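*Asks:* The following block contains a protein sequence and its predicted model.
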Amino acid sequence: MLDLEEAVMGIIVNAGQSRSLCFEALRQARAGMFTEADGLLAEAIEAGKAAHAVQTKLIEDDEGEGKTKMTLVMVHAQDHLMTSILCRELVTELVELYRRQAQ
């Protein structure tokens, strides 16, 4: 079983890193630097996977029976994760639009 505080921080830190990398990728794409943008998006995906892995472990430990204590900070971590996933999906599309525009 995961330490709950450590797990929540793992989600927040990795999801936040993923979102930051996405916005840096968007800035690079806007500047026409697509290789850099692609690299940053790849890093964002890895950070997102790390956050998602922690969430998955929490879900597995809970076994759908409410074993994991739900706290406000856990809801906050979930919000970070979902926001970062949406950010990555939108930034990926925007990078492709910049790429098409540059061709």
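*Replies:* Now that the structure is in, tell me what you want to look at. Numbers count the residues shown, from 1 in each chain.
*Asks:* Now do the strands in the chain.
*Replies:* Shown for the chain, no strands are assigned by DSSP state E.
*Asks:* List the buried residues for stretch 38-57?
*Replies:* 38, 40-41, 43-44, 47-48, 50-52, 54-55 (16 or more other CB atoms under 10 Å). Backbone N, C-alpha and C define where each C-beta goes, glycine included.
*Asks:* got it, and stretch 59-79?
*Replies:* Counting neighbours by 16+ other CB under 10 Å, one finds that the buried residues in stretch 59-79 are 68, 74, 77-78.
*Asks:* Reformat the buried residues of stretch 38-57 as TSV; add distance to L90 and pLDDT.
*Replies:* Listed next are these as TSV, based on distance: CB to CB, whole Å; pLDDT from 0 to 100:
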residue	distance to L90	pLDDT
D38	16	98
L40	14	98
L41	12	98
E43	17	98
A44	12	98
A47	16	97
G48	13	96
A50	20	96
A51	17	96
H52	17	94
V54	23	93
Q55	20	92
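*Asks:* could the residues you listed be laid out in TSV, adding distance to R88?
*Replies:* Output for the buried residues of stretch 38-57, formatted as TSV (distance: CB to CB, whole Å):
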residue	distance to R88
D38	13
L40	11
L41	7
E43	11
A44	5
A47	9
G48	6
A50	13
A51	11
H52	11
V54	17
Q55	15
